[in-house]
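Peer 1: this is the structure alone, sequence omitted:
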């Protein structure tokens, strides 16, 4: 009888060990959720977004809107920081997707399309369409029109910290963009929010101006501008973009959603 000895190198052994461990982790993670005090949230996120969280505390924080927290919290235990992060991550994912979908379109077209997708009204609608709004604690019931969109951005921020950029990108594109948005219809929409805001304020004999209040350093990338809207000298919403025109549009859109929700 011929005996064949199999020599396993340390590298091959470690590779096999890691594969086994990763398989065990992928199985253990869902099982762990069944024994957690947050079992219902684990399951709800799986049902809504199609994955089990690793760090459930990030997602719990994402649903904690600032309207439901006290001002004396130091630091404030709400979703504002996650919202800030999610806004940037979502913008980057949409920008990358549109850049590849429209290889011959201008920067202006791409910026306008991105603004249409990430508008507060669209994010509010998306949150309701996928059922993410049902996971917001009832004590956060508020007349704020932007609450759902804020929570969606915070959720994206939590997902990025928990799962990484590529995973977040896959979820956003496959579960949100492809399923919920008709890009051809979006192309037809004329969303000149600055013109709409000026028309609205002029009818009410109000004076509106746009001011660049900050310029974010480039750090190897294009410089970003932050523009704030002022109506009769009163500071309103801000917008951020890689050009002043885009920042003005973003600021005008946010302001319109507050003073004239039907726009």
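Peer 2: All right, it came through fine. Here the structure is a predicted model, which means the values were calculated and not measured.

Peer 1: for residue 210, grab phi and psi.
Peer 2: phi -120, psi 130 (degrees, to the nearest 10).

Peer 1: for it, give its distance to residue 204.
Peer 2: For residue 210, the distance to residue 204 (CB to CB, to the nearest Å) stands at 17 Å. (Each C-beta comes from the backbone N, C-alpha and C, glycine too.)

Peer 1: over to residue 223?
Peer 2: Noted for residue 223: a distance of 34 Å to residue 204, by CB to CB.

Peer 1: excluding chain neighbours, what is closest to residue 202?
Peer 2: Nearest non-adjacent residue to residue 202, counting by CB to CB, 6 or more residues apart in numbering: residue 208, 7.9 Å away.

Peer 1: in the sheet, who's paired with that neighbour?
Peer 2: For residue 208, the beta-bridge partners under DSSP bridges are residue 231.

Peer 1: confidence score at it?
Peer 2: According to the prediction, residue 208 has pLDDT 94.

Peer 1: count of residues packed around it?
Peer 2: Residues lying near residue 208 (other CB atoms under 10 Å) number 19.

Peer 1: identify the residues contacting it.
Peer 2: For residue 208, the contacting residues are 197-198, 201-202, 229-231, by CB atoms under 8 Å, 6 or more residues apart in numbering.

Peer 1: state the distance from it to residue 215.
Peer 2: Separation of residue 208 from residue 215 (CB to CB) stands at 22 Å.

Peer 1: which helix or which strand is home to residue 99?
Peer 2: Using DSSP states H and E, residue 99 sits within helix 80-101.
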